[in-house]
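Q: Have a look; sequence and predicted model below, questions after that.
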Amino acid sequence: MTEHQNMIRRKKTALLLIAGMLLGLNSLQAQEQQMELNLQAAREYALEHNWDLQTSALDIDKARYQVKESITIGLPQVDASIGYNDNMALPVQLVPGDFFGQPGQDVEIKFGTKYNASLSGSINQLLFSGSYIVGLQASKAFLQQSKKQYRKNKIDVIKSVSEAYFMVLATEEGIAVIDSTLEITRKLAEETRIIFDNGFAEETDVDQLELLISELEVGRVDALSQLEIALAYLKLNLGLNNEAQLELEENLDDLVEASAAQALLGSNFQVSKNIDFQILKNQQDLALLQVKLEKSSYLPTLSAFVNYQTQAQRTEWDFFNASGKWFGSSVFGVNMNIPIFSSGQRHAKVKQAQFDLEKTRVAEQQLKSSLEIQYETTLKDYQNALLNFDNTRKNKAIAEKIFRRTGIKYREGVASSIDLLNTHNQFLNAQSQYINAALQVLNMNVSLESLLADGYEN
């Protein structure tokens, strides 16, 4: 094999490798753009990628560093400074000439040196401060509040994703109903037109079926628009860009059956485990710490410090000359700030903080009662929704059977176009009620899940 042939062969191999890589990349991109999700997978994906949760997680990180910041206030603080002055024009002082044997005359004298430099360092240590102790406790309580808020956001995201998921399924179910009805109605319209052309049907019958088809087509366009909106809202809650392609793996019937099998009806509701109640209790702790903080203003503050300074004065710029002198000084001291009289200002602040604390206690009783009522109401709504769903499912099957039988009778000339129109509307109404009932069951189930969610879970 010649060198030229080897070169051609190597080029072909390289091109094949590049083509394979490009195909693999396109395949990977297609996989990234196309997602198939069931409800559980959608929830898990949202917990990792939802934008609100990402922001809430950053709030926790920020709160951790606020705790560290509060701790460092009570640790030694070390500062240093370097100063340099170039006295371009030294200040002039007038001195009586009597000191220099020139009585009655003022003598001009310049004090200082042209170049001055100084180095200084200080160490400050807080020995006692009531506000520091309470502030440290408050920063830790704020961190706990951030964590509880993150937990609440997770519960809210799960609820929002689930409701958006259900809405997409409900809209797809509605479109499927319209499509199947369109197929049946178009066949009836074609058969009726043939019968009309042969003189065995009235033109009104054809027109009524054409009107039905037109209404169904308009309804389908509207439903497709609603589906786009529902998908966009679902993607937003998942943390996906709107360009991503989603395919949902479940249907309303499967989810309703799974919902009923969860036995949430037998769950015991404990107010203390509700995340909203826990957040309020944490706010109560913060309000109590605020009272302590205001009371700590009556206590003295004690701190200690050590300062060291060295400076040099030069007529020539020779600060790095080893033989030049630097003059040092140092001091150690203790400071105590003792509050004595504030004309009632501290007392007023304490009373305000106590009133805020009392407000959180009133809010606790209100929230407890509200949550208990909300649970009982949601539970009853869920029970009623299950009963309503069973009824609408039966009605849907009956309405579909009546519509199909009426269609057969219409072909045979036994039923009129008015009968067909009435049963058609009855069938669509039953389908709509069934979808709404399924949606109601699922939404009530998610509301119960949110109320029963354990706020202590990490």
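A: Yes, it's here. Residues are numbered from 1 along each chain as shown.

Q: Can you tell me what sits against stretch 366-386?
A: If you take CB atoms under 8 Å, 6 or more residues apart in numbering as the criterion, stretch 366-386 is touched by 260, 264-265, 269, 271, 274, 276-277, 280, 437, 440-441, 444-445, 447-448, 451. C-beta here means a position set from N, CA and C on the backbone, and glycine is covered the same way.

Q: which parts of it are buried?
A: L367, L371, Q374, Y375, T378, L379, D381, Y382, A385, L386 (16 or more other CB atoms under 10 Å).

Q: For that stretch, what is the distance to the chain centroid?
A: Centre-to-centre, stretch 366-386 and its host chain are 26 Å apart (CA atoms, centre = their mean, to the nearest Å).

Q: pLDDT on that stretch, on average?
A: Mean pLDDT, stretch 366-386: 93.

Q: What of stretch 81-96?
A: 84.

Q: one step back: Serialize the buried residues of stretch 366-386 to TSV and add fields for distance to Y132 and secondary structure.
A: As requested, those are exported to TSV (distance: CB to CB, whole Å; DSSP: H, G, I helix; E, B strand; the rest coil):
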residue	distance to Y132	secondary structure
L367	33	helix
L371	37	helix
Q374	41	helix
Y375	43	helix
T378	46	helix
L379	48	helix
D381	51	helix
Y382	51	helix
A385	55	helix
L386	57	helix
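
Q: Helices of this structure, residue ranges please.
A: Ranges of helices in the chain, per DSSP state H, are 3-33, 39-49, 51-73, 130-197, 203-238, 252-261, 275-296, 345-412, 417-452.

Q: Which strands or helices does the last one pack on?
A: Pointing back at helix 417-452 there. helix 130-197, helix 203-238, helix 252-261, helix 345-412 (3 or more CB pairs under 8 Å, 6 or more residues apart in numbering; DSSP states H and E).

Q: Please apply the same query to the second one.
A: For helix 39-49, the contact count by 3+ CB pairs under 8 Å, 6+ apart identifies helix 130-197, helix 203-238 as packing neighbours.

Q: What of the third one?
A: The contact analysis (3+ CB pairs under 8 Å, 6+ apart) places helix 51-73 against helix 130-197.

Q: Please pull out the lowest mean pLDDT helix or strand from this structure.
A: helix 3-33 (a mean of 47; mean pLDDT, DSSP states H and E).

Q: Extract the C-alpha set from stretch 246-262 and format it as PDB.
A: Only the C-alpha atoms of stretch 246-262 are listed here, as PDB (Å, rounded to 0.1, in the frame of the first residue of the first chain):
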ATOM      1  CA  LEU A 246     -42.000  16.500  28.300                       C
ATOM      2  CA  GLU A 247     -43.900  13.300  28.100                       C
ATOM      3  CA  LEU A 248     -45.900  12.200  31.100                       C
ATOM      4  CA  GLU A 249     -46.100   8.400  31.700                       C
ATOM      5  CA  GLU A 250     -49.300   8.200  33.800                       C
ATOM      6  CA  ASN A 251     -53.000   9.000  33.300                       C
ATOM      7  CA  LEU A 252     -55.700  10.300  35.600                       C
ATOM      8  CA  ASP A 253     -57.300   6.900  36.400                       C
ATOM      9  CA  ASP A 254     -54.000   5.400  37.500                       C
ATOM     10  CA  LEU A 255     -53.200   8.400  39.800                       C
ATOM     11  CA  VAL A 256     -56.700   8.500  41.300                       C
ATOM     12  CA  GLU A 257     -56.400   4.700  42.100                       C
ATOM     13  CA  ALA A 258     -53.000   5.300  43.600                       C
ATOM     14  CA  SER A 259     -54.300   8.200  45.600                       C
ATOM     15  CA  ALA A 260     -57.100   6.200  47.100                       C
ATOM     16  CA  ALA A 261     -54.700   3.400  48.000                       C
ATOM     17  CA  GLN A 262     -52.500   5.700  50.100                       C
END
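
Q: For it, what is the distance to the chain centroid?
A: 26 Å.

Q: Now that stretch: average pLDDT?
A: Stretch 246-262 comes out at a mean pLDDT of 86.

Q: again with stretch 145-158
A: pLDDT averaged over stretch 145-158 gives 95.

Q: re earlier: for Y45, which of the helices and strands packed on helix 39-49 is the nearest?
A: helix 203-238 (5.7 Å; CB to CB).

Q: Measure how the closest one sits relative to helix 39-49, angle-wise.
A: 40 degrees (axes from the mean of the first three to the mean of the last three CA atoms, to 10 degrees).

Q: residues of helix 203-238 that come out buried?
A: Buried-residue list, helix 203-238, by 16+ other CB under 10 Å: 205-206, 208-209, 212-213, 216, 219-220, 223, 226-227, 230-231, 233-238.

Q: Please name every helix or strand in contact with it.
A: By 3+ CB pairs under 8 Å, 6+ apart, helix 203-238 packs against helix 39-49, helix 130-197, strand 245-248, helix 417-452.

Q: And the ones you listed: which comes nearest E69?
A: helix 130-197 (7.6 Å).

Q: Between helix 345-412 and the closest one, find me the angle.
A: Using the same axes, to 10 degrees: helix 130-197 against helix 345-412 is 10 degrees.

Q: Output stretch 404-417 in CSV, but only the C-alpha positions, please.
A: Extracted in CSV, the C-alpha atoms of stretch 404-417 (Å, rounded to 0.1, in the frame of the first residue of the first chain):
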residue,chain,number,x,y,z
ARG,A,404,-73.0,5.4,20.7
ARG,A,405,-76.5,3.7,20.7
THR,A,406,-78.1,7.0,19.6
GLY,A,407,-75.6,7.2,16.7
ILE,A,408,-76.5,3.7,15.6
LYS,A,409,-80.2,4.6,15.8
TYR,A,410,-79.5,7.7,13.9
ARG,A,411,-77.9,5.7,11.1
GLU,A,412,-80.9,3.4,11.1
GLY,A,413,-83.3,6.3,10.9
VAL,A,414,-84.9,5.6,14.3
ALA,A,415,-83.4,8.6,16.1
SER,A,416,-83.5,12.2,15.0
SER,A,417,-80.6,14.7,14.7
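
Q: what separates the residue nearest to the spatial centre of the chain from L236, distance-wise?
A: Taking CA atoms, centre = their mean, the centroid of the chain lies closest to D52, which sits 2.0 Å from it. D52 sits 10 Å away from L236, taking CB to CB, to the nearest Å as the criterion.
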